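Novice: Structure for the following, please:
(chains A and B)
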Amino acid sequence: MKEQIEARPTFSRRMVRILLLAMALPLAAQKHATPAASGPPGAFVDITARLGVNFQYRASHTSKKYLPETMGAGVAVFDYDNDGRLDLFFVNGAPLADPTPKGSIPQKSGPEYWNRLYHQKPDGTFEDVTEKAGLQGAGYGMGVAVGDYDNDGFEDLYVTAYGGNKLYHNNGDGTFTDVTQKAGVGGSGWSTSAAWVDLDNDGYLDLIVLRYLDWDFDDIWCGEHKEGYRAYCHPDYFKPIAPLVYHNNRDGTFTEVSQKIGLAKPGKGLGLAIADYDRDGHIDFFVANDSMPEFLYHNKGDGTFEDVGLVAEVAVDIDGRTYAGMGVDLADYNNDGWPDIVVTDLANQRYALYQNNGDGSFTYSSLIAGVGQMTLAHSGWGVRFFDYDNDGWKDILIAQGHDLDTIELNYPNLRYREPMLLARNTGHGFTDVSALSGFTQAWVSRGLALGDLDNDGRIDAVVTTNDGPVHILHNETATQNHWLLLKLVGHKSNRDAIGAEVTLVTAAGSQYATVSTASSYLSASDKRIHFGLGKENTAQKIEIRWPSGIRQTLKDIRADQVLPIDEPESAPSRP
Amino acid sequence: MNARKGNPRVLLGLAVAWFFFGSGSFAQSGADFDRGMAEFRAGNYSSAAKLFASAETASPGTTDALLYQAKSLVHLPDFPGAEKALRSYLSSHANSSDALYLLGFVLNRQNRPAESLETYTKAAAITRPNADDLKIVGLDYVLLDDYADATKWLERAVAFDAKNADAWYYLGRAYYTKSRLIEARKAFQAVLNLDPHDARAENNLGLILESDAQPDAAIDAYHKAIAWQEQNPHPSEQPYVNLGNLLIEQGRAEEAIAPLEKAVALAPNNAFCRLKLGVYYHKVGQLEPARRELERATQLDPENAAAHYQLGRLYAEIHALDKARAEFERTAELKSRAASPKPTSPNP
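Specialist: Coordinates of the predicted model:
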């Protein structure tokens, strides 16, 4: 009896955080670039209304607290018409009856529930072109993935939902066609984040679609049995479910291959990010699972994958505990040439930062790097590494807000609505510069996508909120630092060059990045690679390893430009 | 019920004192019984139990010898023996609420909550339960993982007797387990109002402060709890392990080793303490002590996924790769089991 009642509840057992490492270990990056110990905070200004974007996400809250109501939806930042200006696509929900009968597939009932496509005009403002584009959508939407799956030069959209997903082919004339049925990618169940990536390096993008839970509209009461205390159910109440993985048949159709290639392990997937974490030439990916071990899928190079999360020490936290994995990003934050991982989760869990050791394993670095302390009381969803001040060090931006709208009833120090978190990378660790950078408004943030909306070299952010408006956060950080935006165009590789690895070298050091539209939470970001160059006005060298295996080197590249780079036929170097 | 009224009560862990100094209104006789009572009052429970057994043999069913034998056995503690004596006593004293309440308690201590509740129900039909009885009923529901009913009965216990510190404490634990931190904090504060140096309550306030992202205040609470239990002949390992844990989290590892070692010294068979100490040794590069502690943790609690994970990490570091793989596989198996659906709660 004593043991039982005195056992700490699962939700709050504290993790051991041995920090002796912190005494001696700054980020392992000094040999690669000069740390920027001091620098400006960001200056992010919400210019949503000024730009003419008035999208409102509809969650359709009910008294039954159906879980999809609190999960939010994604956003895509992409250039659908190739005019050089980024456009926006927002996913929306659908009406829910209260109660909703078990087995229901919610459907959009009117314009207020439509997904929305906003086209950026030459003056930088946006216009709603949803109807013209034919992207009103269907169902209770969740996520969006961007990729040119047929290599025709125009970005296509895959939109996930509860109850079935949609593939929209970009016709190149401002319209899209729903090709879901023909392509065979409708799926089923509750889909969340998706990613376009060429898993077998055949030059065509395949599609990974995570699913969250084996879930239905059951009337399950969670939380206390008193008025106002009913809460959204913990995922432990539901079974995990396998993802869907579609191989591109190169003829506009796809074949579901999750079982065949070793990706049928059931999970509770919410976030998805890609990178070749072991630099073996084969793209890998990470799945952020909610309250079960995270998956790190290693590409074995023979067309199959295996989960190495536990062995690589990224499946759990430093204490061996699972956490509520939500969003994820894979990028080299310490400029050592190896992609690292950040995963968001709920308050009292601390966001997980894993530093790549370069030997196939990672070190849980949340505390060493300062992320643990600054995130203890926060709940995160969309997350991206990015260099907001162009100092050559990738910072972290996180969309925050608890999943439980009742959280404050029992946890007076936690909040349902939270400001965004901006963690500045000093080269020695991360510091919280959120409040100094304009992030003071508390939102129930969920999706997050990045892109340089005005092509000024400073990366902007777009954030969705649960049952609320979106926020376009213009980066107005005062800095004279230089930058480069690289737009890679594959020819032998997939046209988006997704999976290409880019190493940029300046006099200050080197940086590494992977082309991707995926990562974060339910969202898709601009595929262009962004580098901050600090005081350097020239990149001495840019090395690209294309998914095809072709290597390309560019030298002495002038900073402060958007640079298109075409994949060569072989492996030339050009001055 | 009259026999229970007014008798002194002492605690034995969760025990309710009236069980041991209960009814004195029955006419008792015989030298063994009288000697048994003397031994019982002197706290010599083993010899008391034997004397009561002899008294019962001499005059079967005519005295309360079996009831007192049971009370003596509870003190030892020998709950199966106590149950046997009580059931024998009840065969000739079917309406003894004292015996039924004590049997309910004994069944609770044997982790048989459903039978305990059934027995309490029978007892309550004869005599109205008091706060301690309600407390044990609440703890039966804790064992059944029914926290709604557990809190209901524990709340009734403190309503019945607002000065019952134990009932407040367990009510606080029940609230805490269900993440009702504000109410839990009030319950533990009620304990502290009754006993300003109650280390258990202060330790739990520390846990609440940790859960509410107030680590500095939590560290203060653990330090207080440790100070307050210094004079206790049986101090708890809990504030030590909680403090060690949190100090490490706060980057104060050099302060953590002492409380963690103390926790293991106090509770050498507590897997959680061993695990924390093992992780500490691993991180500071003391691999052999780390291996020893982590292996012990997995032996003590083979279902502890975190312990297997940490041991796997250690084995990997010392290149015992087969062992590492086995530990990671065990971790995955346990985590997979933990992720399977939990029972759902019925709607009110």
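
Novice: Every contact and neighbour count from this point should use C-alpha atoms.
Specialist: OK.

Novice: And for B:Ser92, the neighbour number?
Specialist: 12 (other Cα atoms under 10 Å in any protein chain shown).

Novice: nearest spatial neighbour of it, skipping sequence neighbours?
Specialist: Leaving out its chain neighbours, the residue that sits closest to B:Ser92 by Cα to Cα, 6 or more residues apart in numbering or on different chains is B:Gly61, at 6.2 Å.

Novice: and that neighbour, which of the three is it?
Specialist: coil (DSSP: H, G, I helix; E, B strand; the rest coil).

Novice: Could you check how far it is from B:Asp78?
Specialist: Distance from B:Gly61 to B:Asp78, counting by Cα to Cα, to the nearest Å: 22 Å.

Novice: how about the strands of the stretch 1-150 of chain A, start to end?
Specialist: Taking DSSP state E, counting those that start in this stretch, the strands of the stretch 1-150 of chain A run over residues A:44-46, A:75-78, A:87-90, A:116-120, A:126-128, A:140-147.

Novice: Let me have those in CSV, adding mean pLDDT as columns.
Specialist: Shown next, in CSV, are those (pLDDT from 0 to 100):
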stretch, mean pLDDT
strand A:44-46, 97
strand A:75-78, 98
strand A:87-90, 98
strand A:116-120, 98
strand A:126-128, 98
strand A:140-147, 98
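
Novice: what comes up buried for the biggest helix by length in chain B?
Specialist: Of all the segments of type helix in chain B, defined by DSSP state H, the longest one is helix B:321-338. Using 16 or more other Cα atoms under 10 Å in any protein chain shown as the test for burial, helix B:321-338 gives B:323-332, B:334-336.

Novice: Cross-check these against chain A and keep the overlap.
Specialist: Among the buried residues of helix B:321-338, the ones lying close to chain A by the criterion of Cα under 8 Å from any Cα of the partner chain are B:325, B:328, B:332, B:335-336.

Novice: interface residues of the stretch 101-250 of chain B facing chain A?
Specialist: Residues of the stretch 101-250 of chain B found near chain A (Cα under 8 Å from any Cα) are B:108-109, B:111, B:139, B:142-143, B:170, B:173-174, B:176-182, B:210-213, B:245-246, B:248-250.

Novice: what about A:Thr160, how many residues close to it?
Specialist: 33.

Novice: if I read this right, it contacts A:Ala138, doesn't it?
Specialist: No - using Cα atoms under 8 Å, A:Thr160 is not in contact with A:Ala138, being 9.8 Å away.

Novice: ok, now which ones touch A:Glu476?
Specialist: Shown in contact with A:Glu476 (Cα atoms under 8 Å, 6 or more residues apart in numbering or on different chains): A:42-45, A:458.

Novice: Most neighbours of all those residues, which one?
Specialist: A:Arg458 (28 neighbours).

Novice: Could you look up the SS state of that one?
Specialist: The three-state label given to A:Arg458 by three-state DSSP is coil.

Novice: where do the helices sit along the stretch 151-300 of chain A?
Specialist: A:180-183 (DSSP state H, counting those that start in this stretch).

Novice: got any ranges where it has weak pLDDT?
Specialist: Counting by pLDDT under 70, not a single residue of the stretch 151-300 of chain A qualifies.

Novice: With chain B instead?
Specialist: Within chain B, the segments meeting pLDDT under 70 span B:1-29, B:339-348.

Novice: so, in contact with chain B or not, stretch A:222-237?
Specialist: Yes - using Cα under 8 Å from any Cα, stretch A:222-237 reaches chain B at A:222, A:225, A:236-237.

Novice: starting at the chain centroid, how far to that stretch?
Specialist: Relative to the centre of its chain, stretch A:222-237 is centred 28 Å away, using Cα atoms, centre = their mean, to the nearest Å.

Novice: Can you turn the buried part of the residues of stretch A:222-237 next to chain B into a ChimeraX selection?
Specialist: The buried subset of the residues of stretch A:222-237 next to chain B, as determined by 16+ other Cα under 10 Å, is captured in ChimeraX by this line:
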select /A:222,236,237
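
Novice: Among the residues of stretch A:222-237 next to chain B, which one lies nearest to B:Ala53?
Specialist: B:Ala53 has its nearest neighbour among those in A:His225, at 49.3 Å by Cα to Cα.

Novice: about what we covered before: which ones among the residues of stretch A:222-237 next to chain B lie within strands?
Specialist: Using DSSP state E to define strands, the subset of these located there is A:Cys222.

Novice: any idea where the helices of the stretch 301-450 of chain A begin and end?
Specialist: Secondary structure of the stretch 301-450 of chain A (DSSP H, counting those that start in this stretch): helices located at A:371-375, A:407-410.

Novice: so which of those gets nearest B:Leu100?
Specialist: Per Cα to Cα, nearest to B:Leu100 of the helices of the stretch 301-450 of chain A: helix A:407-410, 38.2 Å.

Novice: quick one: contacts of the closest one?
Specialist: When contacts are defined by Cα under 8 Å, 6+ apart, helix A:407-410 is touched by residues A:229, A:414-416, B:179-182.

Novice: could you flag which of those residues are buried?
Specialist: Neighbour counting by 16+ other Cα under 10 Å classes A:414-416, B:179-182 among the contacts of helix A:407-410 as buried.

Novice: Turn those residues into JSON lines, including distance to B:Pro259.
Specialist: JSON lines is the format used below for those (distance: Cα to Cα, whole Å):
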{"residue": "A:Leu414", "distance to B:Pro259": "29"}
{"residue": "A:Arg415", "distance to B:Pro259": "33"}
{"residue": "A:Tyr416", "distance to B:Pro259": "35"}
{"residue": "B:Ser179", "distance to B:Pro259": "26"}
{"residue": "B:Arg180", "distance to B:Pro259": "28"}
{"residue": "B:Leu181", "distance to B:Pro259": "26"}
{"residue": "B:Ile182", "distance to B:Pro259": "28"}
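
Novice: Identify, from the residues you listed, the entry nearest to B:Arg296.
Specialist: Closest to B:Arg296, out of all of the buried ones among the contacts of helix A:407-410 and judged by Cα to Cα, is B:Ser179, at 30.8 Å.
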